[in-house]
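**Q** Got a predicted structure plus its sequence, pasted below:
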Amino acid sequence: MTTLITNIKELLQVRASGVQRVAGSEMKELPTIKDAFLYIENGIIVDFGPMSAISLRTADSTIDVKGKMVLPTWCDSHTHIVYSGNREQEFVDRINGLSYEEIANRGGGILNSAKTLQQTSEEDIFDQSAKRLEEVIELGTGAIEIKSGYGLTVDAELKMLRVIKRLQQHYELPIKATFLGAHAVPQEFKNDKDSYLDLIIEEMLPKIAEEKLADHIDIFCETGYFSVEDTDRLLTAGKKLGLTPKIHVNQFTAIGGVQVGVKHKALSVDHLEQMREVDIQSLKGSDTMPVALPSCSYFLGIPYTPARKMIDAGLPLALATDYNPGSTPSGNMNFVVSTACIKMKMTPEEAINAATINGAYAMGLSKTLGSITKGKKANLIITKEIPSYGFLPYAFGSNCIDKVLLNGKEV
Ligand SMILES: N=CN[C@@H](CCC(=O)O)C(=O)O
Ligand SMILES: [Zn+2]
């Protein structure tokens, strides 16, 4: 099966193979080809270039996209889209003055979602999550990471991970699974957090490894949740079973989460709304990708990750949604890219790099996704007619996407 896309107004994020991520001042550059073509064979990008260099090719289908742009699909490296029900009441409670922390302390928050999920069948969770996944694919997401963490019992955590596995089998896009059993301390372990960690390490992890249900291990390293010592212990255990760390740190307080992540060679450290100079320094020279989640900052009214400081210090940065029922009930990467420009003062080039190649890196997928490169998957966004690529973040709230292709096929 071959597809030829012709008359592309501008082909964005064109990279030679071997570029796995971009950092610091490199993020300001978004390589493009104007008036381009792109050729796909069996779901893989096999050729592209200026229209003037198009050779006589036959294709099973041709898409003429005059006036439109083509770019790699968004790579959303941090989501919790497998959940049950919603938390609109907490949203209203926050409008009326309660804080996220106060709601959590009253048994709301993550524990509220866990209670609902424990009472929902696997089938029902699958159906609810599949709807969200289909919605974000239409919004241009072509690779995604999904976490467990709303189960908090052996059975419910396994149930979540099995739903993720079924999503992997049903959908065309790559899905990475992350085990987040240490998302919150369940009520019954309130005064005995160590026993909950024992349960995770001794019962959950071996089953997950045996059934090959996860690629990554995550923990909410945060005041009132899990400490740096807990994080160290869990990541050590997870790595022994082949799970790569990808962790929640520095959302509300900076307690050393970045350092423990770097120590364990985490693939990414995510949130980073509270960044000290020492945290920026710790990331320098490491292979760990910092990930910002601006929709979470927007929804909770908390600070934004200091992207400018981080990029200006030479760091790479990825952008993701954090789609979840409590802090970010949105999986719209277009909104993330706009908000990064508007609120974090990232340039359109930086934001697009952060949401494509760097997002792919934060999932361990940048060899196959995240750029227009020969040999990579043809997971592509075809925009509507737009004047420039800067229009994508500028026109926040508008849907600028005409078509999404996964493995070269229109969805
Ligand atoms: N911060 C920890 N976990 C999620 C929120 C979970 C929830 O409120 O349900 C996050 O990444 O924002
Ligand atoms: Zn999260």
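**A** Noted; the coordinates are in hand. Ligands and ions are numbered 1, 2, ... in the order given.

**Q** which bits of this protein sit near ligand 1?
**A** The chain has residues 109-110, 113, 220, 248, 251, 296, 322, 324-328 near ligand 1, with proximity defined as CB under 6 Å from any ligand atom. Any C-beta I mention is one placed from the backbone N, CA and C, and that applies to glycine too.

**Q** wait, which of those residues is closest to ligand 1?
**A** Gly326 (2.3 Å; CB to the nearest ligand atom).

**Q** Check that closest one and give its pLDDT.
**A** Here, the pLDDT recorded for Gly326 equals 96.

**Q** related to what we said a few turns ago, which ones among the residues of the chain next to ligand 1 are found in helices?
**A** The members of the residues of the chain next to ligand 1 that map onto helices under DSSP state H are Ile110, Ser113, Cys296.

**Q** what's near enough to touch the first one?
**A** Residues touching Ile110, when contacts are defined by CB atoms under 8 Å, 6 or more residues apart in numbering, comprise Ala104, Gly149, Tyr150, Leu152, His183, Ala184, Gly326.

**Q** The same query, at a cut-off of 6 Å, please.
**A** Shown in contact with Ile110 (CB atoms under 6 Å, 6 or more residues apart in numbering): His183, Ala184.

**Q** ok, now the last one?
**A** Contacts were defined as CB under 6 Å, 6+ apart; by that measure Cys296 touches Asp322, Ser327, Thr328.

**Q** how far away is Val336 from ligand 1?
**A** Separation of Val336 from ligand 1 (CB to the nearest ligand atom, to the nearest Å) stands at 14 Å.

**Q** what's around that residue, how many residues?
**A** Using other CB atoms under 10 Å, the number of residues around Val336 comes to 30.

**Q** Can you give me every residue that contacts it?
**A** Counted by CB under 6 Å, 6+ apart, Val336 has contacts Pro294, Ser295, Leu319, Thr321.

**Q** secondary structure element for it?
**A** Here Val336 sits within helix 333-344, counting by DSSP states H and E.

**Q** what is the rounded mean pLDDT of that helix?
**A** Averaged across helix 333-344, pLDDT comes to 98.

**Q** re earlier: just among the contacts of Cys296, which is most surrounded?
**A** Of all the contacts of Cys296, Asp322 has the most neighbours under the rule other CB under 10 Å, reaching 28 neighbours.

**Q** can you pull the contacts of it?
**A** Contacts of Asp322 (CB under 6 Å, 6+ apart): His78, Leu293, Cys296, Thr328.

**Q** redo that, cut-off 7 Å
**A** By CB atoms under 7 Å, 6 or more residues apart in numbering, Asp322 lies in contact with His78, Thr79, Leu293, Ser295, Cys296, Thr328.

**Q** And the helices in the stretch 201-350 of the chain?
**A** Ranges of helices in the stretch 201-350 of the chain, per DSSP state H, counting those that start in this stretch, are 205-210, 228-240, 257-263, 277-283, 294-300, 307-312, 333-344, 348-355.
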